[in-house]
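K.L.:
I'll drop the sequence and a predicted model, then ask my questions.
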Amino acid sequence: MIEEFTVTVPAPAGEEARVASVYVPKTSAPCPVVYLFDGQTAFFDERSPYGGSLRLGEFLDEHSVPVIVAAVACDMRNRLTEYSPFAFSIGGKFASEGKGKVYMDWLTGTFKPMIDGRFHTLSDRAHTYIMGSSMGGLMTMYALADYAQVFSRGVAMSPAAWVDAEKSAALVRRFPADAKIYLDYGTGEFSAVFPDQRPALGALKDALEDWGGGYEFQMIRGAKHTESAWRRRLPAAFSFLGFGVR
């Protein structure tokens, strides 16, 4: 079941109302919670501005995964600013003011207590996870680095580490020793538009080795930067989180 309600988010351009979508499994037992970025692409194809979604509810129902997934739609006008922990500018076309901290303070200080109060959650750090793709993947890394008191595990699909390879790698080196993270990237994502992708991934892998914590890093042959590609990686991601759905 997916329950929806309206929340007020401190967006880059000022407070705004957004839809929160929460997947609730068919169990009376308390469940771990995954907080997911880009709620507009989480469950329903017709809501996705990219022509497809993760269809996450269908996946979780099919595998009877005992997890709550809480997702909030992003600010489509200022997504790069909302979903980055640092400012960047790439070729004058892609730029961010780096206000990710504002969003994460709201998610951990307002939204998480709301979810814990409304649903039957396991609210402790050990059962609280964070997940996202692209800029949401970068924010997942940021969450594990700077909000480690809240999140113990993360899933970063195709993280946008290329927006600033050095600062992205620095996030990894700040992970606590007991954190765990799943990261992946598709070989079909490399393009001349973002020439720093390969070096950024190399820096990311070096940082993971330097950190030395629990991680899984996958390169997916031919996979592109799309919801359909990320949907195919859901079994690996949720298995890594401990749900055994491979």
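P.N.:
Right, received. Where do you want to start? Since this is a predicted model, take the numbers as computed values, not measurements.
K.L.:
element containing the residue of the chain most remote from its centre?
P.N.:
Computed with CA atoms, centre = their mean, the residue of the chain farthest from its C-alpha average is Ser28, at 26.4 Å. If you go by DSSP states H and E, Ser28 is not part of any helix or strand.
K.L.:
kindly report the same for Thr8.
P.N.:
Judged by DSSP H and E, Thr8 forms part of strand 2-11.
K.L.:
and the residue farthest from the centre of the chain, what pLDDT?
P.N.:
pLDDT for Ser28: 92.
K.L.:
dihedrals phi and psi, the closest residue in space to it that isn't next to it in sequence?
P.N.:
Once flanking residues are discounted, Ser28 sits nearest to His120: 7.3 Å by CB to CB, 6 or more residues apart in numbering. The way it works is simple: take the backbone N, C-alpha and C, and place the C-beta from them, glycine included. Dihedral angles of His120 (phi, psi; degrees, to the nearest 10) stand at phi -90, psi 80.
K.L.:
now the helices for this protein?
P.N.:
For the chain, the helices defined by DSSP state H cover 56-63, 79-82, 100-106, 112-118, 135-146, 165-173, 197-211, 227-232, 234-240.
K.L.:
who does the most centrally placed residue in the chain form a beta bridge with?
P.N.:
Centroid-nearest residue in the chain, with CA atoms, centre = their mean: Gly132, separated by 1.7 Å. Under DSSP bridges, the beta-bridge partners of Gly132 are Ala156.
K.L.:
hmm, Lys112 is touching Val34, no?
P.N.:
No. Counting by CB atoms under 8 Å, Val34 is not a contact partner of Lys112; they are 11.7 Å apart.
K.L.:
who's more crowded, those two?
P.N.:
Val34 (27 against 20; other CB atoms under 10 Å).
K.L.:
what distance do you get for that one to Gly14?
P.N.:
28 Å (CB to CB, to the nearest Å).
K.L.:
likewise for Met104?
P.N.:
Counting by CB to CB, the gap from Met104 to Gly14 is 18 Å.
K.L.:
list the buried ones in the strand holding Thr8?
P.N.:
Buried residues in strand 2-11, counting neighbours by 16 or more other CB atoms under 10 Å, are found at Ile2, Val9, Ala11.
K.L.:
no more questions from me, cheers.
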